[in-house]
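> Give the three-dimensional model of this entry:
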Amino acid sequence: MRRIPNEVSCSSGRRIALLLALALLLPGCGGKPSWSEARCRGQARQLAVRATSMVRHYGGTTVYPADMSYLGFRDGLILFEQGHCAPRELGGALRRDLTAPQRATFLRLLPGAVAGKVRRALSA
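I've put the predicted structure just below:
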């Protein structure tokens, strides 16, 4: 039986460990969405429903305030972003569900950072 020097086996072990690490890490770095387009579209539709609810609640036509709808929108937006969904999906859903004046009201109701994300989605 032939003996392999320690340097060679140690170097090979490092290479194997590096290749395994890359195999595990790289699939998430490809720039492709983690979610399917259908799932992103569904999440965008749910966000548009929350946005519509926020505007309706702000108008005083319901019993409870817009806060609950905002929290649902905010949390849904976090998931949308974590799914690496295209902002154009959200922008399209908001344009379909909200009129231009409703979109303006919705943007005024949002905190600055969230409003910026929604503006970018609407312009995508």
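> What are the contacting residues of the longest helix seen in the chain?
Longest helix of the chain, by residue count under DSSP state H: helix 37-58. Helix 37-58 has contacts (C-beta atoms under 8 Å, 6 or more residues apart in numbering) with 33, 35, 62, 64-66, 68-70, 72-73, 76-77, 79-80, 83, 85-86, 89-90, 92-94, 96-98, 102, 105-106, 109. From N, CA and C alone the C-beta is placed, and that goes for glycine too.
> Is the residue nearest the centre of the chain within a helix or a strand, and which one?
Nearest to the mean C-alpha position of the chain, counting by C-alpha atoms, centre = their mean, stands E81 at 1.4 Å. Assigned by DSSP states H and E, E81 belongs to helix 67-82.
> tell me how far the longest helix of the chain is from the chain's mean position?
13 Å (C-alpha atoms, centre = their mean, to the nearest Å).
> quick one: that helix to helix 67-82, angle?
Counting by axes from the mean of the first three to the mean of the last three C-alpha atoms, to 10 degrees, helix 37-58 lies at 160 degrees to helix 67-82.
> Give me the buried positions along the strand or helix carrying A121.
If you go by DSSP H and E, A121 is part of helix 112-123. Counting neighbours by 16 or more other C-beta atoms under 10 Å, one finds that the buried residues in helix 112-123 are V114, K117, V118, A121, L122.
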